[in-house]
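A.B. asks: sequence first, then the predicted structure, then my questions.
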There are 2 protein chains.
Amino acid sequence: MGYQYAKRMEKVKPSAIRELLKLGADPDVISFGGGYPDPTMFPIDKLRKVFDSVLLEEGQQALQYTTSEGHLGLRQKLVKRMEKIGVSCELENLFIINGGQQGLDLVAKMFIDRGDVIITEDPTFLGALVAFNPYEPEYAGVSMDEKGMNMDHLEQVLKANPAAKIIYTVPDFQNPTGVTMSLERRKRLVELANEYNVIIIEDSPYREIRFEGEDLPSIKSFDTEGRVIHLGSFSKILCPGMRLGWVVAEKELAEKLCLLKMAADTQSSTLNMHAVNRFMELYDLDEHIQQLKKMYKHKKDIMFKTMENKFPKSVQYTNPQGGLFTWLTLPKHIDTAALMKESVLPEAKVAYVPGSSFFPIQEEHNHCRINYSYMSKEKIIDGITKLGKILNKYC
Amino acid sequence: MGYQYAKRMEKVKPSAIRELLKLGADPDVISFGGGYPDPTMFPIDKLRKVFDSVLLEEGQQALQYTTSEGHLGLRQKLVKRMEKIGVSCELENLFIINGGQQGLDLVAKMFIDRGDVIITEDPTFLGALVAFNPYEPEYAGVSMDEKGMNMDHLEQVLKANPAAKIIYTVPDFQNPTGVTMSLERRKRLVELANEYNVIIIEDSPYREIRFEGEDLPSIKSFDTEGRVIHLGSFSKILCPGMRLGWVVAEKELAEKLCLLKMAADTQSSTLNMHAVNRFMELYDLDEHIQQLKKMYKHKKDIMFKTMENKFPKSVQYTNPQGGLFTWLTLPKHIDTAALMKESVLPEAKVAYVPGSSFFPIQEEHNHCRINYSYMSKEKIIDGITKLGKILNKYC
């Protein structure tokens, strides 16, 4: 039958990442595609103890409904963690969501009417475009360099788009480019948001995975007018499979976002919230993150050394100081989506994410996103070597 | 500062249930308010074994990302369970969500443009109104009797509302009334939906908790045109704290709903999906449900016996054959919200949900929803006795 969908469904299409997550499920493929953490780093034995003690000692509460804001002890711990990145907030400013992705959905739902403009980095996180699309925004992109969003360009874009409501940024080790926004630009970003009366979404799942250079204060720490909404996540610092993240926002915003959270799925998993809370009581999350950083730096170094040896000189790549990704720029005539049809064939079986889907408006076809956290060191060397062979044919 | 919200936020307001869930958190209150299962029935020891074996044997997968459709083995098991209620479906028709509530959000997001009409039972599940409201529907209510929705009235409502897109129903032990839709009306409902080209949401979290009478086939089992979307949930048959439910729908609908699921929060908790799958492998879920039914029938009988003895004759209540709730109708002059301000005072400390919030349009103030699954037998007797005292003062 012919279904009468809501108009917003015109904007809802299968994404490239969705198909790639399926490809990644084939254990034979060397996948640099998804943003998967290293599964060998999951603290499985610790989590066995955690789940056992939670179920034994507070099973009745942990398996029951709770409030939409989420587990009190966990929220308290996160309030304290936020202080470390310069964000002083109260319990009423912070609630739990199903990973950062849910925050993107809720913020767009709260602010975006059809035709409102969302300003993003260009390129930007594909999952954010996927989350925003059902609310039918228009997009405006801001060019980037090695210090993140270009602030002069942002100002032009703000001037040209009076319907702009949100600036969306991943300031630390951006997805997909791996680039980090400089301190100066973080401050300038907030100034511009104040001047043009827009909301900033600071999407910050990678910031704790910094393995080189100095931590920078979060954008939220410069927020004087309650217009920065900070999204945090346990997916990269603990594991993605529990689907837990958090929102920090001005009280009025946090309350309304939490109403939308309640409407959308009542609450996040009580059990998983209890478990992460207990994990942070029994173990040192920061120490765990230290180990992650060591491992990811090591893997990145192996990947970069291999790229240096095996990739043609015409292929450029960003040099991230943390996070999970580097961003390749190939010669202009190369279409990385077409190239991947070759790279996944039995000869190489290497996958990545073609760059085109990360551009909010004008797609560029000669980029791709490469992840270095998921694969083993051996597979990184093997996969990059095989990819290098293919690149050498065309570049 | 003054935020520029999306227009839909005019429809997003705190709900009565939200505040009541908070009240329910006070352990001193005898709460007949929330729709909480009996926490003493959670199979905690079994779940300890389940989580331990999942983490030990498949921890790396269980803590990682997975597809938006959810855990394959769990979906396969649910396809088989659906057969038992007369629904023959394939894997492609079924995916996992964060409890039934997320299904309500996704279906409304998929179908509802501002001003489209959703037809509901009158009264209907408050959480559904909460989920639907951000999509700015208009509502039309259909009167009910002891056999569920009145089909003649539904036909009138469909005639009068050409913008109707969805009929929302909880056919089994409805929330809030406890009423079950008769077999004949289930068939007629599908006929009418076919004739007027609308979608049916069959929200079915309670159907397996039938402790009297015969099982009725699900509405989805009469669906010949792919217009019934069936929502199932583990919240009442296992526990709510893992936030797992499922959608069964025509392939085209399931695919699009799953795209919206991916946009909203990527996927449900991998770990929890692994755990429920393992639970169903290691243990007999149906046997567990048998125990639940025995317990809930017992509690319901105790509550009803106490109501019979302690409530004034002017107070009427429905007689559910399953599920978690009964629906009280007090004399017309009584406002149950005002009454509850007295009932929660230290003297009684009894809470319920005032009925007015369950009405989609025209509120009636002389009803309330009473839950019999959550409180212990002793507290049921104590709470109903105290409530009876207050009712006797006014009714």
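C.D. replies: Thanks, I have the structure now. These numbers come from a predicted model, not from an experiment.
A.B. asks: do stretch A:137-144 and chain B meet?
C.D. replies: No - contact of stretch A:137-144 with chain B (Cβ under 8 Å from any Cβ of the partner chain) is absent, the minimum separation being 10.3 Å. All C-beta spots, glycine's among them, are computed from the backbone N, C-alpha and C.
A.B. asks: tell me the buried residues in that stretch?
C.D. replies: For stretch A:137-144, a neighbour-count test (16 or more other Cβ atoms under 10 Å in any protein chain shown) marks A:137-142, A:144 as buried.
A.B. asks: need those residues in JSON lines with distance to residue A:271 and secondary structure, can you?
C.D. replies: Supplementary listing: those in JSON lines, determined by distance: Cβ to Cβ, whole Å; DSSP: H, G, I helix; E, B strand; the rest coil:
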{"residue": "A:137", "distance to residue A:271": "35", "secondary structure": "coil"}
{"residue": "A:138", "distance to residue A:271": "40", "secondary structure": "strand"}
{"residue": "A:139", "distance to residue A:271": "38", "secondary structure": "strand"}
{"residue": "A:140", "distance to residue A:271": "41", "secondary structure": "strand"}
{"residue": "A:141", "distance to residue A:271": "40", "secondary structure": "strand"}
{"residue": "A:142", "distance to residue A:271": "41", "secondary structure": "strand"}
{"residue": "A:144", "distance to residue A:271": "40", "secondary structure": "strand"}
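A.B. asks: how about a markdown table for these, with pLDDT and distance to residue A:388 added?
C.D. replies: What follows is the buried residues of stretch A:137-144, written out as a markdown table (pLDDT from 0 to 100; distance: Cβ to Cβ, whole Å):
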| residue | pLDDT | distance to residue A:388 |
| --- | --- | --- |
| A:137 | 98 | 39 |
| A:138 | 98 | 39 |
| A:139 | 98 | 34 |
| A:140 | 98 | 36 |
| A:141 | 98 | 30 |
| A:142 | 98 | 32 |
| A:144 | 97 | 26 |
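A.B. asks: which of those residues lies closest to chain B?
C.D. replies: Taking Cβ to the nearest Cβ as the measure, chain B sits nearest to residue A:137 out of the buried residues of stretch A:137-144, at 10.3 Å.
A.B. asks: just give the closest residue to the closest one, not the sequence neighbours.
C.D. replies: The shortest distance from residue A:137 to any residue that is not its chain neighbour, by Cβ to Cβ, 6 or more residues apart in numbering or on different chains, is 4.5 Å, and that residue is residue A:118.
A.B. asks: by how many degrees do the helix or strand that contains the one you found and strand A:138-142 diverge?
C.D. replies: When elements are defined using DSSP states H and E, residue A:118 is found to belong to strand A:117-121. Calculated by axes from the mean of the first three to the mean of the last three Cα atoms, to 10 degrees, strand A:117-121 forms an angle of 30 degrees with strand A:138-142.
A.B. asks: quick one: strands adjacent to strand A:117-121?
C.D. replies: On the basis of DSSP bridges, the sheet neighbours of strand A:117-121 come out as strand A:138-142 (parallel), strand A:164-169 (parallel).
A.B. asks: which residues sit against the shortest one?
C.D. replies: Applying Cβ atoms under 8 Å, 6 or more residues apart in numbering or on different chains, the contact partners of strand A:138-142 are A:115-124, A:129, A:149-150, A:153-154, A:157, A:160-161, A:163-164, A:359-362.
A.B. asks: send the alpha carbons of that strand over as PDB?
C.D. replies: What follows is the C-alpha trace of strand A:138-142 in PDB, where atoms were taken according to Å, rounded to 0.1, in the frame of the first residue of the first chain:
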ATOM      1  CA  GLU A 138      18.900  23.800   6.000                       C
ATOM      2  CA  TYR A 139      22.700  23.600   6.400                       C
ATOM      3  CA  ALA A 140      25.500  26.000   6.100                       C
ATOM      4  CA  GLY A 141      29.100  24.800   6.200                       C
ATOM      5  CA  VAL A 142      32.100  26.500   7.600                       C
END
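A.B. asks: could you pull out the helices for the stretch 201-350 of chain A?
C.D. replies: Counting by DSSP state H, counting those that start in this stretch, the stretch 201-350 of chain A forms helices over residues A:251-265, A:270-282, A:285-310, A:336-343, given from the N-terminal end onward.
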